[in-house]
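**Student:** 3D model of this:
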Amino acid sequence: MTRRWVTCGTPTTPGILNPVTAACDRGYVPDEVRILSNPPVMEHVAEAKALMSEVIAAYGGDAEIAVHELTTETDFESIVAFYRDQVEGSPADDEVAIDVTPGRKFMSAIAFQAGIQFGADHVYYFHRKAGGYYGQYYPEIPRTATDLIDFTEVL
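**Tutor:** All right, here's what the predicted structure looks like:
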């Protein structure tokens, strides 16, 4: 079984890293990571990709990380296809987690719908309960100020 983390880029590196760090902290350490990127966030995705390897290694993992780049951020058909392929293209015994935390609202909406519709094992959202921690990394934020919500358990 392979654990796959699927997410997208955003202009803040903690926005990409905090959800996967919280998931690792709860025992979901991915073997593969797939990041959807687009032109405005490419440099943040590159930085997050390098740091994500370190985060996963700290939890005993060694993930293969791949970036899928869109040519325009509003290529909705390609966004849907990316998420569909990540879920439906995975072997049946793989565990796929879609992270809907980072990205523009339409990216999160598409990721959420695709995760539910195509049968992802987890659809995660990293919730900062307190606004004072914007831009900080997971280890710097008190655990009582965050929650990793799995919408497959809520719905």
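**Student:** what's the pLDDT at Lys129?
**Tutor:** Looking at Lys129, its pLDDT reads 88.
**Student:** that one against Ala145, yeah?
**Tutor:** Yes - Lys129 is in contact with Ala145 according to Cβ atoms under 8 Å; the separation is 5.2 Å. Bear in mind the C-beta positions are built from the backbone N, C-alpha and C, glycine included.
**Student:** of the two, which one has the most company?
**Tutor:** Here Lys129 and Ala145 are compared on neighbour count by other Cβ atoms under 10 Å; more neighbours surround Ala145, at 14 against 11.
**Student:** dump the residue contacts of that one.
**Tutor:** Arg128, Lys129, Ala130, Tyr133 (Cβ atoms under 8 Å, 6 or more residues apart in numbering).
**Student:** cutoff 6 Å now
**Tutor:** By Cβ atoms under 6 Å, 6 or more residues apart in numbering, the contact list for Ala145 reads Lys129, Ala130, Tyr133.
**Student:** which one of these is nearest to Arg84?
**Tutor:** Nearest to Arg84 among those: Lys129, at 31.9 Å, using Cβ to Cβ.
**Student:** from Gly15, how far off is that closest one?
**Tutor:** 16 Å (Cβ to Cβ, to the nearest Å).
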